[in-house]
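Undergrad: Sequence plus the predicted model coming up.
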Amino acid sequence: MSFYRKLLKPAVWGFYIIIGFEFLFMISPFALYFYSSYGDVLNLFHRWPATAWLTGFFLPHVSMTTSPILDSLKLWGFRFAGIGLLFFVLGVVQIYGAKLFLRREVTGGLYRISRHPQYLALAVLGFGVLLIWPRFLVLLAFVTMLFLYFLLARWEEQQCVEKYGESYREYMSRVGFLGPARLTSWIPSAPAWARRPIALVATYVLAIVVAAAAAGALRGYSLSHVSSFYTDNAAILSPAVLEADDLRSAHQLATSDPAVRDRLEAAGGSSGWLVYVVPASWHLPDLPLESWEEIPAEHRGGHTTPPDFERGVYKVLFTKARTHRPESRGREIVTTAYGREPVLRVRVDLHRNEVTAVESPPESVVWGDIPTPLY
């Protein structure tokens, strides 16, 4: 058992790195370099239907929605991440300051509020990152991290009891595991049988299943608040909040052009289309819509999504869904797809009721062949 306990702490940090890895590199100046390698790792999951869904997103990342709650989640993610990071640093200073000055057990400061403030802070930080970058894979890594934190915290408490005896037991009686005892006393202690290895594994598996199911429900809720409409052979989405008439008109105008129809027919397949209607002034590196050179230099730092865009002038991106279920129809095209094959980019002007350009999009997003948000 001691051997497994020695492995526990590195395992916790390993899962924590997984959670922060993609987000941290995404905002770094070296994002393009890291994604060129990281994309191959993520794409390994796409080989099998049982794992392809892991790289999908369960909350909007690119799209604006009609839900103020959904639109505020990314901002709250940054807030949680900042708060978690701040309290983690404070906890580190307190712990290592005590070690530096050879003090006994640390029970003051943040440890007067929670017996494990650093783990709580890292959990808050991880939750913030999850809201910012909501992949299913990151969610499962987050749940795993929480589970390992719990085991590690219990093990550390056993060590403290053995080392400090009655003084630490008295500390445990007045300070809660996660927060002030008076606020967390309602949380029941795990019965003895629940601490057995088989019970722990069963609890972990149940937590993973519940988290994945809840995320799937959130994805369904999110899709109902994204500008969209569906046909048997296509899912038509917009990352902007568009009037239903504009969305349909842009798609119908694009597909009414003979050159467009010829290109779509030549692409093969009568179903499985993922179509994006994007305001002409928007630039989204997470969509295979424009190459790096086509994006104006002043807009290459990330997403450009001005809320005061000109309505009626759009870029329509036609892509084929990468999926293990080619028979999918309607909304299922979105939920079963794990990627896109760019086919055609059409510029439309609803004011003049004309297609202004029929173009070839880049073969992949700016970051390379990397799984990016589908909505």
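TA: Okay, I see it.
Undergrad: I'd like to know how far the residue nearest in space to the middle of the chain sits from Ala215.
TA: Nearest residue to the geometric centre of the chain (Cα atoms, centre = their mean): Pro134, 1.4 Å. Computed as Cβ to Cβ, to the nearest Å, the Pro134 to Ala215 distance reads 8 Å. C-beta here means a position set from N, CA and C on the backbone, and glycine is covered the same way.
Undergrad: Report back the residue of this structure that's furthest from centre.
TA: Glu166 (44.1 Å).
Undergrad: follow-up on the earlier one: which ones are touching the closest residue to the residue nearest to the centre of the chain other than its chain neighbours?
TA: The shortest distance from Pro134 to any non-neighbouring residue, by Cβ to Cβ, 6 or more residues apart in numbering, is to Leu59 (4.0 Å). Counting by Cβ atoms under 8 Å, 6 or more residues apart in numbering, Leu59 touches 70, 73, 131, 134, 218-219, 222.
Undergrad: Make sure Trp76 is indeed in a helix.
TA: Yes - assessed by DSSP: H, G, I helix; E, B strand; the rest coil, Trp76 belongs to a helix.
Undergrad: number of nearby residues for it?
TA: Counted with other Cβ atoms under 10 Å, the neighbours of Trp76 add up to 14.
Undergrad: Next up, the contacts around it.
TA: Contacts of Trp76 (Cβ under 8 Å, 6+ apart): 128, 131.
Undergrad: Tell me how far it lies from Leu131.
TA: Trp76 sits 6 Å away from Leu131, going by Cβ to Cβ.
Undergrad: C-terminal to the longest strand seen in the chain, what's the next element?
TA: Counting by DSSP state E, the longest strand found in the chain is strand 337-349. Scanning forward in sequence from strand 337-349 by DSSP states H and E, the next helix or strand is strand 354-359.
Undergrad: just how off-centre is that following strand within its chain?
TA: Here strand 354-359 is found 34 Å from its chain centre; the criterion is Cα atoms, centre = their mean, to the nearest Å.
Undergrad: Which elements pack onto that strand?
TA: On a contact count with 3 or more Cβ pairs under 8 Å, 6 or more residues apart in numbering; DSSP states H and E, strand 354-359 meets helix 244-256, helix 258-267, strand 337-349.
Undergrad: How about residues contacting the first one?
TA: Here helix 244-256 makes contact (Cβ under 8 Å, 6+ apart) with 227-229, 236, 238, 260-261, 264, 275, 277, 311-312, 314, 316, 318, 346, 348, 350, 353-355.
Undergrad: Can you say which two of the contacts of Leu59 are spatially most distant?
TA: Greatest spacing in the contacts of Leu59, by Cβ to Cβ: Leu131 and Arg219 (14.1 Å).
Undergrad: higher neighbour count, these two?
TA: Comparing Leu131 with Arg219 by other Cβ under 10 Å, the one with more neighbours is Arg219, at 21 against 18.
Undergrad: Within the helices and strands, which one has that one?
TA: Arg219 belongs to helix 197-223, assigned by DSSP H and E.
Undergrad: Can you name the element that comes right after that helix?
TA: strand 228-230.
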